[in-house]
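how would this look folded up:
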Amino acid sequence: METLFLFIGENYIVFFLLLFFILLLFLHEKNQGGKKIDSNEVTRLINKEDGLLLDLRSSSEYSSGHIVGAYNVEPKQILEKINSLKTPKERPIILICRTGSSSSSAGKELKKVGFQSINVMSGGMMSWQSQGLPLSK
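Got it, this is the predicted structure:
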């Protein structure tokens, strides 16, 4: 442990540059699949900015309860669904899955083809349900 502190003391510039670049990489990767938003922001985007809500869960999970107005889309078919809906590239898109972790990969696909406002609901449907927010069946 003493040698680590000695190394850092003698190479503090290199050490802090390394930490800085690790932080930049972390921040860059965190937002790759879209902006993380909470349920309040989801509601605001839907009501005020005509946000398009795409539920990426399986059809059986979707049938057991989903947010009103959400489209059920398999992640592999997200580009087909977006194109069939003739969605403008500027329209806010909200991605929701079961826990909020698998929506990021779909968000990356949408960003690649030029969609500008990709949002991923933090915590997914589990968060929505735990807050007692309304579901449609």
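
Distance from the lowest-mean-pLDDT helix or strand in the chain to the middle of the chain?
Counting by mean pLDDT, DSSP states H and E, the chain has its least confident helix or strand at helix 12-30, which shows a mean of 78. Averaged C-alpha coordinates place helix 12-30 at 23 Å from its chain's average position (Cα atoms, centre = their mean, to the nearest Å).

So what pairs up with the most centrally placed residue in the chain in the strands?
The geometric centre of the chain, computed from its C-alpha atoms, lies nearest to residue 120 (Cα atoms, centre = their mean), at 2.5 Å. Using DSSP bridges, the bridge partners assigned to residue 120 are residue 36, residue 95.

What score does it have for pLDDT?
Note for residue 120: predicted pLDDT of 92.

That one contacts residue 92, correct?
No - using Cβ atoms under 8 Å, residue 120 makes no contact with residue 92, being 11.7 Å away. Backbone N, C-alpha and C define where each C-beta goes, glycine included.

any shared contact partners between those two?
Counting by Cβ atoms under 8 Å, 6 or more residues apart in numbering, residue 120 and residue 92 have no shared contacts at all.

one step back: can you list contacts of the least confident helix or strand of the chain?
For helix 12-30, using Cβ under 8 Å, 6+ apart, the contacting residues are 7-8, 36.
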